[in-house]
Each structure stands twice: as C-alpha cells, then as structure tokens.
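Colleague: Any chance you can model this:
(one chain, ligands or ions: 1)
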Amino acid sequence: MTFELRCKPYTLELRHRFTLANSSRTTTPTLLIELERDGIVGYGEAAMPPYLGETHASAQAFLERIELARIDAEFDAAAVLAAVDAIAPGNAAAKAAFDIALHDWLGKRSGQPHWQRLGLDPRAVPPTSFTIGIGEPDDVGARAAAAAAEFAVLKIKLGGSGDRAMIAAIRNATAIPIRVDVNQGWTDREHALREIEWLAARGVELVEQPMPATQIDDLAWLRQQSPLPIVADEAVQRLADVARAAGVYDGINIKLMKCTGLLEAHAMMTAARDRGLRIMLGCMTETSCAIAAACQLASLADWADLDGALLVANDPFEPLPFEDGRVLPTDRPGIGVAPRDNTRDVTAGSP
Ligand SMILES: [Mg+2]
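Modeller: Sure thing, here's the model as predicted:
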C-alpha cells in the first residue's frame, strides 16, 4: 500500500499579540498533515511564522512533490527523509511536517513512543520557559506575575526601546529566573555587553541571539566578555550550522521547524554535545502536534522552551501533560498526540 498524504491549512490564533524586536503578529499560519498507510495515521505540522518565508501554499506545494509511491514496505526512514530534503532547498517547516508525521506513523506501527524507540527517559525533561513578548511594562509585569504561578522560568523578548523598564516591572512582580531573547535586536557590542551585565544582576540566566547572526566577530567578542551564556537561535538553522556556532556561542536553540524535524534535531543535539555547546530545544507558536514531537527529544536538552501551544487559543490537539513546569511527552505511541475533538481526521472539512 502507498502512503496517502492529506493537508489542512490552519491559522493559529495567539492568546496575546506577539511582538519581537523586528515583528509583531496575532496569528501564525500552520499546515496540519496526516500521513496514512495500512490504517495507521501519522500526524505532522508545518508552523510558519511569516518572517521565515514559508506559506500554506509553499508548504503544500512542496509536500505534493514527495513521491509517496516510491516509499516501499521496507523503507528506511533516514533515506526517505534525505530524499525529501533533496527535493528542493529551504522549506524547512514543510520538511518538518513530513518528518514528524513519518515518525508518528513509525512509532504507532511499532506500538512505542518515539522517545522509547530512542531509549530516552521522558521524566528527564527540563522545565519549559514561558514566553512573554515585548509590551508595556505594566502589562508585561502582570503577565509575568500570572505566569510565575505555573512556570519555573520566563523567557522575555527584548530588543525594543523599553527593555530595562520591562525587566524592572517583571522583577517587581516575581523573582523567578528569566531568560531573554533579543532576536538580533542589538547591533553595538559595547551596548550589548552593558545590557547583559545589567541583566545578569537581575536574575537573568541566559541571553538568546543578542546581535545579528551576521556579526560573528562581535558575537565571539561578546561571548568572551559576557557574564551570561550566549545562545544562538537565528544563527543556527540546520546541522551544518552547529560547527560554526562553536567558539561564537555557548549554546544553540534547536527548533524542529528550522531544522526539518526530529531526525536532524537529534543529530544536531549529538553534534552540539560533541562540540561543548549547550542545548536549548525551542519551538515556534505551533499546535500540540509539533510540541509533542519536540517533547520526544526534550530530555536531551539543557533548556526547554516548549510553550508554543500554550500561546495558542485554538489548538486542535489535546494539550500535553504539564507537571512541575514541564511540558511532557505522553506514553502513547509515535509522538503521542490526539486530536482534541476525538475525531481521528484533523484534516477533514473545509480549510
Ligand atoms: Mg529566539
């Protein structure tokens, strides 16, 4: 039997306007997919924040180019995914959707969660940060206070003009640890160092992509001076980028939607460890489908940032277990996710 692939364009509605150093939005387009063969359905998802350049149409067009009829009964997943990757450059989220669905299908066929197939301990997942976008200090402070009741660590987006006012408002509201993500928002390294030193005195534990990924020499200098770990996000997309991050950053943020999925994310984690880089496992705003996939690998991360589905108001999947500030994988086979409405087919109905 041949695999059958179904796609449904879906628009994620965010609980709060999500403002970063260089963008602001209230929705995220995602493509939900199902990969079916032998009565087994694998779920996948391509979440596509607009600044990454993929769309419903581009992802669907890419997935239609996969020659499903050529995947035989004894297929090797790595070989299939390498062939998918070779169809065209880019399209990382579309490739991730297929990778996730294929791993879900394989896990369901074997009756095991993906984490079990990899021999991982699902209880070793670190607490997830909860993300708060750029906003007015009073609003950010109130949201931080509310989040501190449920989460062990916050991730605050910086790089606007009111960074210190936001952090001060948060510190008035709660003492829990903060990670900051500048999304390349600082361009002067001396300014970046002053900000990081100020943040270090206020319970901030790491700084994500403080300067543009292209300013490699400035970032390497900043890392030498910084009292806090510097983590790459925009600078590291795929496996080949990991080696280049060593010596410039202390750690890397791996996201399924950047790196084409679980197979490559796992390889990146191994490569990062080999080079002494620490690992953040992150996400986009996405449904519990892609988050469930990432959770399969989360026990290998030093830092988890897997709150994407918690920022979404219309998640079509059942929420994942959330215990002690940790988003956990389930014990179900594959990626262990189930549609919220209890109907099997999330791609049914009109888009
Ligand atoms: Mg980031």
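Colleague: What pairs with the strand or helix carrying Glu45, parallel or antiparallel?
Modeller: According to DSSP states H and E, Glu45 maps onto strand 40-47. Paired neighbours of strand 40-47 in the sheet (DSSP bridges): strand 24-37 (antiparallel).
Colleague: Show me the beta-bridge partners of the residue of the stretch 51-200 of the chain found nearest the ion.
Modeller: Across the stretch 51-200 of the chain, no residue is closer to the ion than Asp181, which sits at 4.3 Å (Cβ to the ion). (Each C-beta comes from the backbone N, C-alpha and C, glycine too.) Taking DSSP bridges as the rule, Asp181 bridges to Lys157, Glu208.
Colleague: about what we covered before: mind exporting the C-alpha coordinates of the strand holding Glu45 to CSV?
Modeller: In CSV, the C-alpha atoms belonging to strand 40-47 read as follows (Å, rounded to 0.1, in the frame of the first residue of the first chain):
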residue,chain,number,x,y,z
ILE,A,40,-2.2,3.9,10.6
VAL,A,41,-2.3,7.7,10.7
GLY,A,42,0.7,9.8,11.5
TYR,A,43,0.2,13.5,12.4
GLY,A,44,2.5,16.3,11.4
GLU,A,45,2.6,20.1,11.3
ALA,A,46,4.4,22.9,9.5
ALA,A,47,4.2,26.0,11.7
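Colleague: How far away from the center of its chain is that strand?
Modeller: 16 Å (Cα atoms, centre = their mean, to the nearest Å).
Colleague: Also stretch 181-192?
Modeller: Between the centre of stretch 181-192 and the centre of its chain there are 22 Å (Cα atoms, centre = their mean).
Colleague: and it, average pLDDT?
Modeller: Taken as a whole, stretch 181-192 has a mean pLDDT of 97.
Colleague: Now it: buried residues?
Modeller: Burial within stretch 181-192, assessed by neighbour count using 16 or more other Cβ atoms under 10 Å, is assigned to Asp181, Val182, Asn183, Gln184, Gly185, Trp186, Arg189, Ala192.
Colleague: Need the max-distance pair from those residues.
Modeller: The distance between the two most remote of the buried residues of stretch 181-192 (Cβ to Cβ) is 17.7 Å, for Asp181 and Arg189.
Colleague: what ranges do the helices span in the stretch 101-250 of the chain?
Modeller: For the stretch 101-250 of the chain, the helices defined by DSSP state H, counting those that start in this stretch occupy 114-117, 137-148, 163-173, 189-200, 216-225, 239-245.
Colleague: can you list the residues of the stretch 201-350 of the chain near the ion?
Modeller: For the stretch 201-350 of the chain, the residues in contact with the ion (Cβ under 5 Å from the ion) are Glu208, Asp233.
Colleague: ok, now which ones touch the closest residue to the ion within the stretch 201-350 of the chain?
Modeller: Per Cβ to the ion, Asp233 is where the stretch 201-350 of the chain lies closest to the ion, at 3.6 Å. Neighbouring residues of Asp233 by Cβ atoms under 8 Å, 6 or more residues apart in numbering: Asp181, Asn183, Glu208, Gln209, Ile252, Asn253, Lys255, Gly282.
Colleague: Let me see the domain layout of the chain.
Modeller: Each domain of the chain is listed here as a residue range: 4-110, 117-327, per automatic domain parsing.
Colleague: any idea which of the ones you listed is most buried?
Modeller: For the domains of the chain, the largest average neighbour count (mean count of other Cβ atoms under 10 Å) is found in domain 117-327, namely a mean of 20.
Colleague: The stretch 51-200 of the chain against the ion: which residues are in contact?
Modeller: Taking Cβ under 5 Å from the ion, the part of the stretch 51-200 of the chain that reaches the ion is made up of Asp181.
Colleague: how about 8 Å then?
Modeller: Within the stretch 51-200 of the chain, the positions lying close to the ion (Cβ under 8 Å from the ion) are Asp181, Asn183.
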